[in-house]
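# Predicted model and sequence follow; I will ask about them next.
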Amino acid sequence: MSEQSPEQTMDNLNQTTTGASDPATEKEFLDNIRQNIDAVDCEIQTLINNRAKLAQQVAMVKKNHTAADDNSNPIFYRPEREAQVLKAVTSPADGRDASSEAPRNDTSEAAAGISRDTSGTLSP
């Protein structure tokens, strides 16, 4: 089965009726959705790693800039910046409430897929 975009998968899901699908087709369909989830998880991990590298660059600039000044210490952790970042990443771009998008019992499966340990930080 060819890989579909998440939008195509959702369209197929919306067109599928519960009583009309046979177990083999349903299994293929679920396998396809899970493959799409895995692909999204890889993209998320890549983006988080890229963000962590950028955060390290910010830290280096702060450290070098402060070293050029007199004896002041750079401020690496800014709680207000962390709050700003967390609000931005937990709010959908189109303003909808993301928590109402997925059924509650699917949330834990989705969270389990992205709960891998990363070395990135959310804020400088």
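It's in.

# Helices of the protein, start to end?
With DSSP state H, the ranges of helices along the chain come out as 6-15, 23-68, 79-90, 104-113.

# Turn those helices into TSV, including mean pLDDT and mean neighbour count.
In this view, the C-beta of every residue, glycine as well, is placed from N, C-alpha and C. What follows is these, written out as TSV (pLDDT from 0 to 100; neighbours: other Cβ atoms under 10 Å):
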stretch	mean pLDDT	mean neighbour count
helix 6-15	64	11
helix 23-68	91	13
helix 79-90	90	11
helix 104-113	51	10
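
# Glu43 and Ile37: what is the separation?
11 Å (Cβ to Cβ, to the nearest Å).

# now do Leu54
Leu54 is 26 Å from Ile37, by Cβ to Cβ.

# cool, and Gln56?
Going from Gln56 to Ile37 by Cβ to Cβ gives 29 Å.

# do Ser72 as well
In terms of Cβ to Cβ, Ser72 sits 47 Å off from Ile37.

# what do you get for Tyr77?
For Tyr77, the distance to Ile37 (Cβ to Cβ) stands at 33 Å.
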